[in-house]
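In: kindly generate the corresponding structure for this input.
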Amino acid sequence: MNNEQPTPDMQPTDEHPIIVIEHDDDDTMTGKAPKPHHRHRMQQYALTALFLAIILIAAFAGYRSWGYFYRIGVPISVTPEENIEKLTAPLKHEEAQVIATHDSVLGVALDLFEIHGMNATLQFEEPDTADTSVYLYARSADHHPNGEYEGSLVVAGEEKQSDRSRLGYMAMVNGRMVIGISRSDKVKDYVAKRGGSFFRQYILVSDGKLPGRFHLHGKVERRAIGRMGEQLYYIVTPHKETLWDFADALREYGFTDAIYITGGNDYGYYRSRDGQRHDILPDSLYPHKKWAGIVPWLVFRARH
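Out: As a prediction, this is how the structure comes out:
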């Protein structure tokens, strides 16, 4: 039997042992792969780069879209928005008449018909020579043999063709009419919603400048709708001319804008102030039967 008494160091105690667990911050000591502390920063860089790339792509797309509508090779004298304002302006009250004059510039003879107090419309029936309400009429948009039109065409609010390949245009609604140069459809859409008419044709003069090239060649009789100030003119060459010579003559004469009108050798007429009809080319070419019901005629009548 052991009678040994416990020593003071061996006395029981109520205290619990303190266990300390030390962690080594260096994972290399534990064999674990080090954590990439810069991962979050790299993700931020990647997101920033992606955001900048999206901005650049959007800016480039916007620039291309802007260039498509506004970089057309010639300056523009009147924007679509400004032409819409003209189409909403109060009507100028003036006597309905066509003032005919003849002139020559740069060796090109020009018959000019100054249009006053008129309401312009498009219609598919050629006007009768006895219709005294018609003061002037002409062709407008071109068409293919199958009847498909070249360039946008709206007749009495109904869109017949949407095609921006030709940049000149004429718009008419509620007794107002404008011509302009643009790829934009804003003017077309404006008149279509209000029952007006619209067609596109080739540029001859834009803001007093000629386009770099013309799509029609050879020498034939030429026609155009031109603008000086706010005055519109219908212009005809009595002789055959190249399109370049015709356009250059219009520029030299002082037209700010001018668009081509097809049918240089087609019959037409205008009425003088006394209501007398005057033929443009012999009436033996009247009526035009080949494309009856397809040709969109530009018709000017007195406002009521």
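
In: ok, residues contacting stretch 276-289?
Out: With contact meaning Cβ atoms under 8 Å, 6 or more residues apart in numbering, stretch 276-289 is reached by 100, 111, 126, 129, 221, 236, 265-272, 295. C-beta here means a position set from N, CA and C on the backbone, and glycine is covered the same way.

In: are any of those residues buried, and which?
Out: Among the contacts of stretch 276-289, those classed as buried by 16 or more other Cβ atoms under 10 Å are 100, 111, 126, 221, 236, 266-271, 295.

In: now, among those, which is nearest to N119?
Out: Of all these, R271 has the smallest distance to N119: 14.2 Å, by Cβ to Cβ.

In: that closest one contacts L136, doesn't it?
Out: Yes. Using Cβ atoms under 8 Å, R271 and L136 qualify as a contacting pair, with a distance of 7.3 Å.

In: what do these two both touch?
Out: Applying Cβ under 8 Å, 6+ apart, one finds that R271 and L136 are jointly contacted by V98.

In: returning to what we had before: now for the contacts of stretch 276-289: which two are most distant?
Out: By the measure Cβ to Cβ, S272 and V295 form the most distant pair in these, at 25.3 Å.

In: how many other residues sit next to R139?
Out: The burial metric for R139, expressed as a neighbour count using other Cβ atoms under 10 Å, is 22.

In: what's opposite the residue lying closest to G254 once chain neighbours are set aside in the beta bridge?
Out: Beyond its immediate neighbours in the sequence, the residue positioned closest to G254 (Cβ to Cβ, 6 or more residues apart in numbering) is M228, lying 5.5 Å away. Partner residues in beta bridges with M228, using DSSP bridges, are Q231.

In: can you count the residues close to M228?
Out: One way to gauge burial is a neighbour count; for M228, by other Cβ under 10 Å, it gives 16.

In: cool, and Q201?
Out: The criterion is other Cβ under 10 Å. On that basis, Q201 has 24 neighbouring residues.

In: how far away is it from E241?
Out: Counting by Cβ to Cβ, to the nearest Å, the separation of Q201 from E241 is 17 Å.

In: ditto for L153
Out: In this structure, L153 and E241 are 26 Å apart, going by Cβ to Cβ.

In: what about the helices in the protein?
Out: For the chain, the helices defined by DSSP state H cover 39-70, 80-88, 186-193, 243-253.

In: those: lowest mean pLDDT?
Out: Set side by side, the helices of the chain differ in mean pLDDT, and helix 39-70 is lowest with a mean of 65.

In: which residues does the spatially closest residue to G117 that is not a sequence neighbour contact?
Out: If you skip the residues right next to it in sequence, G117 has A96 as its closest partner in space, 3.7 Å away by Cβ to Cβ, 6+ apart. The neighbours of A96, taking Cβ under 8 Å, 6+ apart as the test, are 116-118, 135, 302-303.

In: the residues you listed in strands, which ones?
Out: Restricting the contacts of A96 to those inside strands, with DSSP state E as the criterion, leaves 116, 118, 135, 302.

In: save those residues as CSV, and put in pLDDT too.
Out: Output for these, formatted as CSV (pLDDT from 0 to 100):
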residue, pLDDT
H116, 95
M118, 94
Y135, 97
A302, 92
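
In: measure how buried K92 is and give me the count.
Out: 11.

In: fine by me, we can end here.
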